[in-house]
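Asker: One predicted model, sequence on top.
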Amino acid sequence: MKVTVCIGSSCHLKGSRQVVEQLQYLIAKEDLGDKVKLGGTFCMGKCQQGVCVTVDDEFYSVSPETVGEFFEKEIKQKVK
Amino acid sequence: MKNKRVFDTKVQYLKYKVLREVAREAWDDTLLEDLLDIPKKIVSGKTPTMRCCVYKERAIIAERVKIAMGGDKENPNVIEVIDIACDECPAAGYEVTDSCRGCLAHRCEDVCPRGAISFDHNHVAHIDKSKCVECGRCSKVCPYSAITNRVRPCQNACKIKAISINEDGGAAIDNEKCISCGACVYQCPFGAITDKSFILDVIDMIKKNSRDKKSKLYAVVAPSISSQFTYAKLGQVVSGLKTLGFHAVVEAALGADMVAYSESKELVEKGFLTSSCCPAFVSYVKSAFPELTEHISHNPSPMAAIAKYIKDIEPSAKVVFIGPCTAKKAEAQLKEVKAYVDSVLTFEELQALFDSRDLDITQLEEEALDNASYFGRIFARSGGLSDAVAEAIKEQGIEDFDLKPCSCDGIEECQTALMKKKRGVLTENFIEGMACSGGCIGGAGCLTHGEKNKAQVDAYGREALEKTITDAISVLKM
């Protein structure tokens, strides 16, 4: 599974660093490092909906507050 | 005419008008058809305003058009002399003018270390050129300021002496010595020395990109942009770039954060280092102090570092660096950089690009630009890189290294520091080399150069969301 987080300016201001840190922490905690590849990108063209995240090309709008829930539903459950 | 105020000098404005016209024709795919009409379009009418006649003015514009289209392909230097534009300025050195009153004091004679000054029957001073060493002391002591120094502005600007006078009396650049810093470009009052433009390559990339959508185009902007385009907001410049057709705008300052972090490690490991950010400085060390080349940091420049990162995550991406620097145009052609940076524009050229599309950026919504930390952003001014390296050492918890930076503001200070290092008398352990005075904000490709620019860079630095280098680069480690 490929998870891409936008680290462009707009998403950065909305907390993409916190989203990345949380995802890195959760992936390590759940020991999903082999199955989930986390990567960054600059701008997905949907700045209004940031922090922009894609999971295998499926788009999600995530925030530092919702990242835990997002991880459970869209990453952890789907990868297992 | 509003754009006249955007630039420091009328030379820049003229250069801009040519670039804008060439760009307009390129957007419309009519450049080849209309190429020969551009000089007449810019110099219309019959009354000359710059030279002896409109025909010479147009001939020079035609040369400027060539340079706007990439210039002489045979000449590897990105800086070129327009021979017919060179006014062959007087270059006689120290001369006594008719302000000499034939006084009694003869301070000029007393101060001259070579006995080069004599007096005629009217007691007027004369300088024997075969003895004069151009030290200038006579000029300083004359109470009438009667002794002037006639040097060519280009030669005066080129502190590393890469400009000489050829047999026809025109300026000639020694490509072996030239570091492409652009000091002469900015200083020549006739605009006879200029930097080659790659604006057409950028227009081609934008067009191709909008047609086939295969590759995304990234603009990497230098932090000195914070002191430029002051008639608009920085966020509007970002919007302007996106309106032109760039997919995203990324701060080169994030590359500077990356560089500060790894350069500090390299410095601690090696004990002595010079920076590698300024391509003109790097080129100067290599040509004038080859024995010190091994001390140049092995880090890429911030431009190359961030461009490489972009291409690593997206190999099909195209990257255009936009900054104050003419030497970056040369850096982008180096074999180790070429793969990452597809083209380079100066701020002057970006202004021409905006206006070639009649894009009034002051009417646009602001867009965010925030990737780097305070420390990455202050790379744009002299001393900033040393501050960032000190911060990176601190952030990494390295306590047993005593950083002693030597921040060289301008190529002459670089020369002094390198000379000291060569002789083994330099007490500092890190040379921050910036070829332009003030650092990048003094770059030849800036629209304006002002007193406030440093304060503007610092203010922009403080606006950064990330306060530490570690936080700024943490997102890159995925």
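Answerer: Perfect, thanks for sending it. Numbers count the residues shown, from 1 in each chain, chains lettered A, B, ... in the order given.

Asker: list the contacts for A:Phe42?
Answerer: Going by C-beta atoms under 8 Å, 6 or more residues apart in numbering or on different chains, A:Phe42 touches A:6-8, B:218, B:248, B:250, B:310, B:371. (Glycine included, C-beta is placed from N, CA and C.)

Asker: Which residues of the stretch 301-450 of chain B lie near chain A?
Answerer: When proximity is defined as C-beta under 8 Å from any C-beta of the partner chain, the stretch 301-450 of chain B approaches chain A at B:310, B:313-314, B:367-371.

Asker: Which ones among these lie within helices?
Answerer: B:310, B:313 (DSSP state H).

Asker: Just the buried residues from the residues of the stretch 301-450 of chain B next to chain A, in ChimeraX please.
Answerer: Of those, the buried ones can be selected in ChimeraX as follows, counting by 16 or more other C-beta atoms under 10 Å in any protein chain shown:
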select /B:310,314,367,368,369,370,371
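
Asker: tell me the two of the residues of the stretch 301-450 of chain B next to chain A that are most distant?
Answerer: B:Ile313 and B:Glu367 (21.0 Å; C-beta to C-beta).

Asker: which residues touch the lengthiest helix in chain A?
Answerer: Looking across chain A with DSSP H, the single longest helix is helix A:16-29. Under the criterion C-beta under 8 Å, 6+ apart, residues A:3, A:5-8, A:33, A:36, A:38, A:40, A:50-51, A:53, A:62-64, A:67-68, A:71, A:75-76, B:466, B:471, B:474-475, B:478 lie in contact with helix A:16-29.

Asker: Just the buried residues from these, in PyMOL please.
Answerer: Selection of buried members from those for PyMOL, criterion 16+ other C-beta under 10 Å:
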select buried, (chain A and resi 3+5+6+7+8+36+38+40+50+51+53+62+64+67+71+75) or (chain B and resi 466+471+474+475+478)
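
Asker: who's in contact with the closest residue to chain A within the stretch 1-150 of chain B?
Answerer: As assessed by C-beta to the nearest C-beta, chain A sits closest to B:Trp27 within the stretch 1-150 of chain B, at 23.0 Å. With contact set as C-beta under 8 Å, 6+ apart, B:Trp27 has these partners: B:203, B:207, B:356-357.

Asker: Return the members of those residues classed as buried.
Answerer: Buried among these (16+ other C-beta under 10 Å): B:203, B:356-357.

Asker: in which helix or strand would I find the closest residue in space to A:Tyr60 that isn't next to it in sequence?
Answerer: Spatial nearest neighbour of A:Tyr60, excluding adjacent residues (C-beta to C-beta, 6 or more residues apart in numbering or on different chains): A:Val53 at 4.7 Å. Following DSSP states H and E, one finds A:Val53 within strand A:52-55.

Asker: For that strand, which helices and strands make contact with it?
Answerer: strand A:2-6, strand A:58-61 (3 or more C-beta pairs under 8 Å, 6 or more residues apart in numbering or on different chains; DSSP states H and E).

Asker: Parallel or antiparallel, which strands does it pair with?
Answerer: strand A:2-6 (antiparallel), strand A:58-61 (antiparallel) (DSSP bridges).

Asker: ok, which stretches of the stretch 201-350 of chain B are strands?
Answerer: Per DSSP state E, counting those that start in this stretch, the stretch 201-350 of chain B carries strands over the ranges B:217-221, B:248-251, B:273-274, B:318-323, B:343-346.

Asker: The longest one to strand B:217-221, inter-axis angle?
Answerer: Spelled out, that is strand B:318-323. Interaxial angle of strand B:318-323 relative to strand B:217-221 (axes from the mean of the first three to the mean of the last three C-alpha atoms, to 10 degrees): 20 degrees.

Asker: Could you list the domains of chain B?
Answerer: Domain ranges of chain B: B:1-69, B:93-150, B:199-474, per automatic domain parsing.

Asker: Pick the most deeply packed of those domains.
Answerer: Of the domains of chain B, the one with the most neighbours on average (mean count of other C-beta atoms under 10 Å in any protein chain shown) is domain B:199-474, at a mean of 21.

Asker: can you give me the mean pLDDT across that one?
Answerer: For domain B:199-474, the mean pLDDT works out to 97.

Asker: What separates the first and last residues of stretch B:73-91, distance-wise?
Answerer: 30 Å (C-alpha to C-alpha, to the nearest Å).

Asker: Quick check: buried residues in it?
Answerer: Buried residues in stretch B:73-91, counting neighbours by 16+ other C-beta under 10 Å, are found at B:77-82, B:85-86, B:89.

Asker: Check those for the minimum pLDDT and say which it is.
Answerer: Among these, B:Cys89 has the weakest pLDDT, 92.

Asker: Quick check: it touching B:Ile165?
Answerer: No. Counting by C-beta atoms under 8 Å, B:Cys89 sits too far from B:Ile165 to count as a contact (9.5 Å).

Asker: overlap in contacts of those two?
Answerer: Common contact partners of B:Cys89 and B:Ile165 (C-beta under 8 Å, 6+ apart): B:Arg152.

Asker: which of the contacts of B:Trp27 lies closest to chain A?
Answerer: B:Lys207 (19.1 Å).

Asker: hey, what's whatever residue of the stretch 101-250 of chain B ends up closest to chain A bridged with?
Answerer: In the stretch 101-250 of chain B, the residue that lies nearest chain A is B:Ala248 (3.6 Å; C-beta to the nearest C-beta). With DSSP bridges as the criterion, B:Ala248 is bridged to B:Tyr218.

Asker: In contact with it, which residues?
Answerer: B:Ala248 neighbours (C-beta under 8 Å, 6+ apart): A:8, A:42-43, B:216, B:218-219, B:242.

Asker: from the residues you listed, which ones fall inside helices?
Answerer: Counting by DSSP H, the part of those found in helices is B:Lys242.

Asker: got JSON lines for the contacts of B:Ala248, with distance to A:Lys14 too?
Answerer: Listed next are the contacts of B:Ala248 as JSON lines, based on distance: C-beta to C-beta, whole Å:
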{"residue": "A:Gly8", "distance to A:Lys14": "10"}
{"residue": "A:Phe42", "distance to A:Lys14": "14"}
{"residue": "A:Cys43", "distance to A:Lys14": "13"}
{"residue": "B:Lys216", "distance to A:Lys14": "21"}
{"residue": "B:Tyr218", "distance to A:Lys14": "20"}
{"residue": "B:Ala219", "distance to A:Lys14": "21"}
{"residue": "B:Lys242", "distance to A:Lys14": "18"}
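
Asker: B:Ile398: which of the contacts of B:Ala248 is nearest?
Answerer: Relative to B:Ile398, the closest of the contacts of B:Ala248 is A:Phe42; by C-beta to C-beta it sits at 30.6 Å.

Asker: how far away is the closest one from B:Ile361?
Answerer: As judged by C-beta to C-beta, to the nearest Å, A:Phe42 and B:Ile361 stand 21 Å apart.

Asker: same question, B:Ala444
Answerer: The gap separating B:Ala444 from B:Ile361 is 23 Å, by C-beta to C-beta.

Asker: again, but for B:Leu403
Answerer: Between B:Leu403 and B:Ile361 the computed distance is 40 Å (C-beta to C-beta).

Asker: Repeat that for A:Gly50.
Answerer: Taken as C-beta to C-beta, the span from A:Gly50 to B:Ile361 is 23 Å.

Asker: Run a quick neighbour tally on B:Gly70.
Answerer: The number of residues packed near B:Gly70 is 14, by other C-beta atoms under 10 Å in any protein chain shown.

Asker: Quick check: it touching B:Ile203?
Answerer: No. Assessed by C-beta under 8 Å, B:Gly70 is found out of contact with B:Ile203, at 11.9 Å.

Asker: so B:Asn156 makes contact with B:Cys188?
Answerer: No. Using C-beta under 8 Å as the test, B:Asn156 is too far from B:Cys188 to be in contact (10.3 Å).

Asker: higher neighbour count, the two?
Answerer: A count of neighbours by other C-beta under 10 Å puts B:Cys188 above the other of B:Asn156 and B:Cys188, at 25 against 14.

Asker: Name the SS class of the residue nearest to that one when sequence neighbours are not counted, please.
Answerer: Spatial nearest neighbour of B:Cys188, chain neighbours left out: B:Cys154 (5.1 Å); criterion: C-beta to C-beta, 6+ apart. Following DSSP: H, G, I helix; E, B strand; the rest coil, the label given to B:Cys154 is helix.
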